[in-house]
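Asks: can't give you the sequence, but here's the structure:
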């Protein structure tokens, strides 16, 4: 282990052009991922040959300064965005080149998302927001409602099920988002600054909840954050700078 | 067009120009005082081009509608004027003989003696206003072109003094060149264009004219244009002209007594349009001359003989009619278009609300750094004015194009009537159209700007709903007092504003005192009213006070328009006021308030008018203006009712279709978004519903009339109607055909009834008087004084001129056997309709009458004002049993008392209506012998023919015309032509009203576009959690379809509801309601499909949203 430029303990970056994972433990695998945006005529290289792998049940945080490509990496890994070059495998399925409809179905069935600004549908109640992924997955209305209420109960919001997002506090809204992300029992939960819009108390509560769910359900969490306290609560932190992985810090081994 | 709403259009133009000037001055003021605001406003225009296009589109509507109305009016004015001038040529004034009372009490038409013509010619010989005075003879004769095998039973033959006619160019050819009548040989004729077409005849062809069965050949010398002096006496009739000598020789002295003229024509100096300016003075001089000649020449004229000749400035009158028709049509189009204008105004409000929402954060920041609310308003007005000007220019062009299309449709409809419209527009109309468009949209933009600029700074900057900052009142004692005071002070303020002269005089007095305190006080007096008003300016208060005021005006004037406006505004105002109150810290549930309030308004509109009248013990009258008011109020109430109960509707939809597999989340969100955005959803629903209301209501009423009067069974059991006159008399159609050897035509005829029509305006009937009810048990006879007893003296005391005129139709047994007339009421002495007809068949002195003969206090009989419906009280207009009604027809030896034993149903009796185009005279059908006894020889005879089941009515009509040379009408074909005409006109109005649907559809486009922008992040989330791209687009499409369906459904329901009420309470007489599903449904489906098409593009845009970008969007 060596010390990185920001004084953070880093391990050596994973080798570029890593081969596709062969063991079942590696749920996310990426190799030499490139992504370039067109910003008003001039190209912005958001990702420059990123390679990584995440084990099943691991909680990984991605950190780095603004504009380093954290969110882009999360979007590319989760299939929200296509990549220009490189390979990404989720649960053994290569997602680059996968048609949009298939990627969307894959997301609906195997992934959950938590965003900084909650991104709940304001016109639906909390429970309706939570049951949306289930309905999309073809689950019947009765079962969807039951499971959505269970998910809300898990995040301590069953009593607020019929409230609209505008009637909830920031922390409550984020809990609803978490319930929505977990309601279909996804293999991977992606979080983009999940505590970014919360005060420290609420942020702490949310992270405790995520840790508990991670440990209880053995779901994989990939969280983008610029808050070091939050980052440290993951098993491992991947550090990014200028579109590249600068190194990683292991806070605690998986299963420890 | 010279006048509209009784206002000279030139004056209207200057008023509009002045208002536009004021608007321009406002912008100019803003520009010079605060140029930065104008610049800021203008810079918004290119920011979102699609939105700019939509804003302009919305603003364009008003201009389009007004332009169409004015251009159509101009086109009608020009077309009718041109037709009138072409059809009259040198005929400026026409002197005709009025009908006189004969010894039998009937009027007789006599010709004008040569002496009168000579005297008038001498009178105006030196008058520089007059070019010529000459006589004209008119007669209807059948014509035939044997070589072409064509006949024309209705051929109007004109006889003129050939030298005079030639000198002034009274008859012109198709290209307007005068024809020399004095060059015609005795066997030559000039036929008009219509006759040339009908007879397939041209110059050199020989046509035959038939008089009393014998034919005379005439060679066509030339084709004249379709003018009155060449036989076109109206609606493009076929005819011809010849010298009066040849005319006289053809008709013979019995039909055309020598020295008698049908009319005297006076041609003004200066050509076809030269004498229009002096028409009034000339007409007065002609009338005066007629009176004076009679007085000065007692040896020549009987006393008052010349008084029966009347002069009519025919050309000036027709041109006046042209103006009037144009004005009526323009008003009608403006009236119909008001729905579209209203929809356009709502669209502008919606667009500005959207603009305000989009710019809310920046406006909040602007306000935070010191920009006043007025500055924001000025900014919006500046921006709006640019859209406005662009929209006016585009609107005028589009309006003219629409008008062009409408004229084409009208020509299609009128082609069977031989009339063609020419598209036209005047500069004056263009200025008014553009000006009115600018004024309407400017006012709307100003109001919209006030609303858009009203924002809470914190809510705006944080971009959170304004509702969190919405003002409510706790119901404290002070609040109650303040609101009550508000009501009174507002009323005082309004009164002060209304009574400006009082404050003006007071202020002037104070100024005259010239004291420092008076100078300070004077302007304050002027402002007092406004300040009082501003103290507590609440719309709901104004609604309530204004409503009460209008209600009282309505009751006072017995006028439904202000009354219904008032009773509708009051509940709206109360609901708005209660919505602001808090009881025990809680607001009254909005759903409850608005459901009860709007439901009550709708109830007020759907109950019969007499319920309103009963409550206030008064009578209330209204006209078609209520159509617009009903549409506006019902749509407002219906829309509010819907939007405040949308969640229930949404719940019902979800319960019904929410479980459809993977569509469940799509349906859920598609229904949830409109429910969450009440304002925009409501505005869009209102726009679509308003136009749908107008369209469905108008179409239903129109179609019900068409169905009633042109539907099956209206031919009273007959398929062909033929006419014969004494010039070519046919007493019995079947006998005539047999005689002519036309067995093929005869074989197609099942029955042919005869109806002799008495002198059309010559029949006078006398009201008698009697009322007998419960006849057997209690023979009660009432007189004019209400006392029992037959008042014989009434017969003698009612002067001849006060008696009513009726038309007598003598019917034979064949007519009675063939007719299928429905009687809406029969005498209490008969058990069935067949008994009534049997009584007439037996020749008893009985008659059946049209309903106008017996309704309304014997309107058709003049006299003593007895009303058979009013006494006794148990009989009313709904009764199907008649009391004893006797009438006395004629005078002297011919007088005959007849009992009316049946009333002809208004609808099935349509083709029996004998008053033609002469007015609305009541008609009696009675045994032919009695009619002959009363009227003497009939004016003409109608032959009602029913045909065998496999015969063709057109062929039978043509066969009768060909074989008997009398005019015959294919009633079936006529009905089809009428229906086709009505369909064209209906389509025209539907199209015109439907223009407003553009506003509703554009509104859907606007909110769909806005949804894509403001929901971008939510779309990103939906896509992230598993919504397929196509589902995102489909969701938006479904959402807009839901709104469109709500609007279309609401408008249809309200329109049918109101129509049902109007038909049920007998507003349109006995006509039954008929819903033209085949006409209306395609329009509604078309509108729905158009809404989907318009939403498709934003939906596609939504579907293509890049997830990662959408999630980054704030």
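Replies: Noted; the coordinates are in hand. No experiment lies behind these values; they were computed from the predicted model shown.

Asks: after whichever helix or strand residue A:30 is part of, which helix or strand is next? Please name it.
Replies: Secondary structure from DSSP states H and E places residue A:30 in strand A:26-39. As assigned by DSSP H and E, the chain's next helix or strand after strand A:26-39 is strand A:42-55.

Asks: in that next one, what's buried?
Replies: Across strand A:42-55, burial judged by 16 or more other C-beta atoms under 10 Å in any protein chain shown covers A:46, A:47, A:49, A:50, A:51, A:52, A:53, A:54, A:55. Backbone N, C-alpha and C define where each C-beta goes, glycine included.

Asks: tell me the one of these nearest chain B?
Replies: Nearest to chain B among those is residue A:46, at 10.1 Å by C-beta to the nearest C-beta.

Asks: that closest one touches residue A:70, doesn't it?
Replies: No. Using C-beta atoms under 8 Å, residue A:46 makes no contact with residue A:70, being 9.7 Å away.

Asks: tell me which residues are up against stretch A:166-176.
Replies: A:114, A:118, A:120, A:122, A:126, A:129-130, A:152, A:155-157, A:160, A:165, A:194-195, A:197-199, A:202, A:205-206, A:209, B:465 (C-beta atoms under 8 Å, 6 or more residues apart in numbering or on different chains).

Asks: which helices and strands sit right next to the lengthiest strand in chain B?
Replies: In chain B, taking DSSP state E as the definition, the longest strand is strand B:130-145. When contacts are defined as 3 or more C-beta pairs under 8 Å, 6 or more residues apart in numbering or on different chains; DSSP states H and E, strand B:130-145 packs onto helix B:114-123, strand B:150-160, helix B:162-168, helix B:193-199, strand B:206-211, helix B:244-255, strand B:260-261, strand B:263-268.

Asks: redo these as TSV? Include mean neighbour count and mean pLDDT.
Replies: Shown next, in TSV, are the helices and strands packed on strand B:130-145 (neighbours: other C-beta atoms under 10 Å in any protein chain shown; pLDDT from 0 to 100):
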stretch	mean neighbour count	mean pLDDT
helix B:114-123	18	86
strand B:150-160	25	84
helix B:162-168	19	86
helix B:193-199	23	88
strand B:206-211	20	88
helix B:244-255	17	84
strand B:260-261	20	84
strand B:263-268	26	87
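
Asks: angle of the strand holding residue A:30 against strand A:42-55?
Replies: For strand A:26-39 against strand A:42-55, the angle by axes from the mean of the first three to the mean of the last three C-alpha atoms, to 10 degrees is 170 degrees.

Asks: what residues sit buried inside strand A:26-39?
Replies: A:26, A:27, A:28, A:29, A:30, A:31, A:32, A:33, A:34, A:35.

Asks: how far out from the middle of the chain is the helix or strand harbouring residue B:837?
Replies: Element membership for residue B:837, per DSSP H and E: helix B:833-841. Centroid separation for helix B:833-841 versus its chain: 40 Å, with C-alpha atoms, centre = their mean, to the nearest Å.

Asks: helices or strands up against the helix or strand residue A:151 falls within?
Replies: Taking DSSP H and E as the criterion, residue A:151 maps to helix A:141-154. If contacts are counted by 3+ C-beta pairs under 8 Å, 6+ apart, helix A:141-154 sits against helix A:126-136, helix A:170-182.

Asks: relative to the whole chain's centre, how far out is the longest one?
Replies: Right, helix A:170-182. Put simply, helix A:170-182 sits 14 Å off its chain's centre (C-alpha atoms, centre = their mean).

Asks: can you check the first one too?
Replies: Taking the mean of its C-alpha atoms, helix A:126-136 sits 19 Å from the chain's own mean (C-alpha atoms, centre = their mean).

Asks: contact partners for the nearest residue in space to residue B:1030 that is not next to it in sequence?
Replies: Computed as C-beta to C-beta, 6 or more residues apart in numbering or on different chains, the closest residue to residue B:1030 that is not its neighbour in sequence is residue B:1103, at 6.0 Å. Each residue near residue B:1103 by C-beta under 8 Å, 6+ apart is listed here: B:1029, B:1030, B:1032, B:1033.

Asks: where in the stretch 301-450 of chain B is pLDDT low?
Replies: B:301-308, B:416-418 (pLDDT under 70).

Asks: quick one: name the residues of it near chain A.
Replies: Proximity of the stretch 301-450 of chain B to chain A, by C-beta under 8 Å from any C-beta of the partner chain, involves no residues.

Asks: where along the stretch 301-450 of chain B do the helices fall?
Replies: B:314-358, B:360-368, B:373-414, B:427-452 (DSSP state H, counting those that start in this stretch).

Asks: mind putting those in TSV, mean neighbour count included?
Replies: Listed next are the helices of the stretch 301-450 of chain B as TSV, based on neighbours: other C-beta atoms under 10 Å in any protein chain shown:
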stretch	mean neighbour count
helix B:314-358	22
helix B:360-368	17
helix B:373-414	21
helix B:427-452	22
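
Asks: could I get these in TSV, plus columns for distance to residue A:170?
Replies: Rendered in TSV, the data for the helices of the stretch 301-450 of chain B read as follows (distance: least, C-beta to C-beta, whole Å):
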stretch	distance to residue A:170
helix B:314-358	23
helix B:360-368	19
helix B:373-414	31
helix B:427-452	30
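
Asks: nearest to residue B:738, out of the ones you listed?
Replies: helix B:373-414 (39.6 Å; C-beta to C-beta).

Asks: no further questions, thank you.
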